[in-house]
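Asks: Have a look at this prediction, sequence included:
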Amino acid sequence: MNIRLKKEEKVEVLCADDLYGIMQRVLVRESRIDRNREHLWTVSLDNAYRILNIELVSLGTINKTLIEPMEVFSIPLQKRAVKVILVHNHPSGELTPSERDKDVTDQLIQVGRIMHVPLMDHLIISEEDYYSFMDSGLLKELQQSLKYVPAYEIKRRYEKAAREKGEQRGEEKGKKEIARQMKKKGIDVELIMEFTGLSKAVIGRLKEE
């Protein structure tokens, strides 16, 4: 459901405060009954960080709402957004992100990369305050996660990293450097073996420097 904005609300979003002022008013407009349920909105931005659209994607229960990547990015793609911000409310007023909030954000960061519509922030809001994944540093942390990164992309990243460090002076050395970095990130040994062709014993002896 598209959220109608007043002319003065179609502003540039340069920080979380800018958006929270708008989303707080959007939430308060809801009936008291609906305010006690979790909402999920997408905020589509243009290249100048101006709001193109705010869409209510899902209306859930008191502590959970449905989040499907296809639904999250559907309207931003239609609006030709170049950036997107995710917003959802916690009716309890407790703004600390849950493990599920973190996991969903991790997944949507990767979807945004594939779609070339990066997830710029994720706000958890109440009627009184908000939590910003970007301002807290959590967004940057999740951007380093490999949980939802396709296997081919993991391989490409580490091959590129090895070349840039100038440590690929020989095929075997290059493979070991890739394996070492993948091991450091906690990637499964079987996957490292598949990518590098190194044996489990060789990988086991590599130091995570």
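Replies: Noted; the coordinates are in hand. Bear in mind that the values here come from a model prediction, so they are computed numbers and not experimental data.

Asks: Give the burial count for Ser199, as a bare number.
Replies: Counted by other CB atoms under 10 Å, the residues lying close to Ser199 total 10. Where C-beta positions appear, they are placed from N, C-alpha and C, glycine not excepted.

Asks: same deal with the one 4 residues further on?
Replies: Number of residues near Ile203 (other CB under 10 Å) recorded here: 19.

Asks: any idea how far it is from Ile125?
Replies: Here Ile203 is placed at a distance of 45 Å from Ile125 (CB to CB, to the nearest Å).

Asks: Also Pro76?
Replies: Going from Pro76 to Ile125 by CB to CB gives 19 Å.

Asks: what do you get for Leu119?
Replies: Counting by CB to CB, the gap from Leu119 to Ile125 is 16 Å.

Asks: and the closest residue to Ile124 other than its chain neighbours, what element?
Replies: The shortest distance from Ile124 to any non-neighbouring residue, by CB to CB, 6 or more residues apart in numbering, is to Tyr131 (4.4 Å). Per DSSP states H and E, Tyr131 falls inside strand 130-132.

Asks: ok, and for the helix or strand just after that strand, which residues are buried?
Replies: Later in the chain than strand 130-132, the nearest helix or strand by DSSP H and E is helix 133-136. Judged by neighbour count using 16 or more other CB atoms under 10 Å, the buried positions of helix 133-136 are Phe133, Met134.

Asks: Now do helix 133-136, average pLDDT.
Replies: Across helix 133-136, pLDDT averages out at 97.
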